[in-house]
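[1] the following comprises the amino acid sequence and a computationally predicted model.
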Amino acid sequence: MISMKYRSVNVSERGGPEVLQVIENDLRPPHPNEVRIKVLAAPVSLPDVEARYGHSPFKLKTPFVPGYAVIGDVDAIGEAASKSVIGERVAALTVYGGYSEYIYLEESDLIPAPGSIDPIAAAPLILNYIVAYQALHRIAKVQEGDKVLIIGASGGIGTAFLQLGKIVGLKMYGLASKSKHPVLSDYGAMPIDYHTQDYAKLIRDAEPDGIDAVFDGIGGSYIQESFSLLRKSGIYVGYCNPKTVSGLIRYLGRVTLSNLLPNGRSARFYGTGVSRLNRKPFLEDWAALFKLLEEGKINPIIAETFPIIKAGEANQLLESGDVSGNIVLVAEQLL
């Protein structure tokens, strides 16, 4: 009997996009608690790149299949899984494994998605938009008219902040390279070139009473300087990924120290890892994001799409820094 095959993209060793290799796998039946998902779309994200290089406090052992998130259709289930999920459109925050034509997941990992939703447009919601949505609404609890700074405003998460912030009616300042400024301006943000302009001085001059929130995806020297721009009761939210355990400790130390200063400001570190400990707010917020997409209130910027097996080219484009918005790997049937 000839077994059916599917392809995935494997990291066999640490390195650049060239280490991503297409491999063939046997398409097996799901284990009892598993479901098998035909992947329709998977976003290419910075955590995928960092995992490939090993730039993470908690390194994956090679070989592994990268891919932090997927959206697709359930095409087979294990004997202990709910029969009702067969044929359903679902998403998942996988952390790894998404660069694949099929993926096997526990039923408890699934995120319900509307069957009519465009999988390419929905792919960025699973990681990039959940980060921005929860930072805005769960942590900073922004209100119309709040003044905010977005550090790294032109990437996948940055443009999610811009779209979601515009819906709320925020006054936004965004740091990005000069070539990306039109994207920021399109969403009503004030673009600042972090290469040539003193962003702290510009914001202090424009907002002498301080701003309400900082959303920082870069870290480093931005932590202390951007924190100083906050008004009393303002909040700094960091969501960058330190590259080492020592870097993570230093980063968390800075955030903790900021909370001890007697100035009424606060600092928080955000990570999606807590979704495994408390699923409820994440499921609520993914549902809210899917609804915003269906209603046309958000429209993720898709800079480029690639077939799943061309993940190496997609990673090369992401690393080039020449992209505003999102890169998505797509099943061949959707191309």
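    Yes, it's here.
[2] quick check: the gap between Arg28 and Ala76.
    According to CB to CB, to the nearest Å, Arg28 stands 9 Å off from Ala76. The way it works is simple: take the backbone N, C-alpha and C, and place the C-beta from them, glycine included.
[3] give me the more crowded residue out of the two.
    For the pair Arg28 and Ala76, the greater number of neighbours falls to Ala76 (17 against 14), based on other CB atoms under 10 Å.
[4] so the more buried one touches Val35, yeah?
    Yes - Ala76 is in contact with Val35 according to CB atoms under 8 Å; the separation is 7.1 Å.
[5] contact partners for Asn315?
    Pro17, Leu20, Val44, Asp48, Val49, Arg52 (CB atoms under 8 Å, 6 or more residues apart in numbering).
[6] please report how far the fourth one lies from Leu184.
    Translated: Asp48. Asp48 is 25 Å from Leu184, by CB to CB.
[7] try the last one
    Using CB to CB, we find Arg52 at a distance of 29 Å from Leu184.
[8] and for the residue nearest to Phe227 when sequence neighbours are not counted, the neighbour number?
    Leaving aside its sequence neighbours, Phe227 sits nearest to Tyr236 (CB to CB, 6 or more residues apart in numbering; 4.9 Å). When counting by other CB under 10 Å, one arrives at 28 neighbours for Tyr236.
[9] quick one, domains of the protein?
    5-125+274-334, 144-269 (automatic domain parsing).
[10] now the longest one: how far from the chain's centre is it?
    For domain 5-125+274-334, the distance between its averaged C-alpha position and the chain's averaged C-alpha position is 11 Å (CA atoms, centre = their mean, to the nearest Å).
[11] what's the span of it from first residue to last?
    19 Å (CA to CA, to the nearest Å).
[12] now the phi/psi pair for Gly16, please.
    phi -80, psi -170 (degrees, to the nearest 10).
[13] and the gap between the residue lying closest to Leu110 once chain neighbours are set aside and Ser82?
    Distances taken as CB to CB, 6+ apart place Val90 nearest to Leu110, at 4.4 Å, with adjacent residues excluded. Distance of Val90 to Ser82, computed by CB to CB: 12 Å.
[14] more neighbours: those two, which one.
    Val90 (20 against 12).
[15] before we move on, which element is that one in?
    strand 89-93 (DSSP states H and E).
[16] could you list the residues in contact with the very next helix or strand once past that strand?
    Per DSSP H and E, strand 89-93 leads on to strand 102-106 as the next helix or strand towards the C-terminus. The contact list for strand 102-106, computed with CB under 8 Å, 6+ apart, reads 6, 25, 27, 30-31, 33-39, 70, 72, 75, 92, 94, 97.
[17] pLDDT weak spots in the chain?
    1-2, 57, 242-263 (pLDDT under 70).
[18] helices of the chain, start to end?
    46-53, 119-124, 130-134, 156-168, 181-186, 199-206, 222-227, 245-260, 279-294, 311-320 (DSSP state H).
[19] just say which of these is most tucked in.
    helix 119-124 (a mean of 25; mean count of other CB atoms under 10 Å).
[20] need the CA coordinates for it. CSV is fine.
    Taking C-alpha atoms only, helix 119-124 is exported to CSV below (Å, rounded to 0.1, in the frame of the first residue of the first chain):
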residue,chain,number,x,y,z
PRO,A,119,-7.5,32.4,5.8
ILE,A,120,-4.8,34.7,4.3
ALA,A,121,-6.3,37.8,5.9
ALA,A,122,-7.0,36.0,9.2
ALA,A,123,-3.5,34.5,9.5
PRO,A,124,-1.9,37.6,11.1
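[21] which elements pack onto it?
    Where contact means 3 or more CB pairs under 8 Å, 6 or more residues apart in numbering; DSSP states H and E, helix 119-124 is packed against strand 34-44, strand 69-77, helix 279-294, strand 302-307, strand 326-330.
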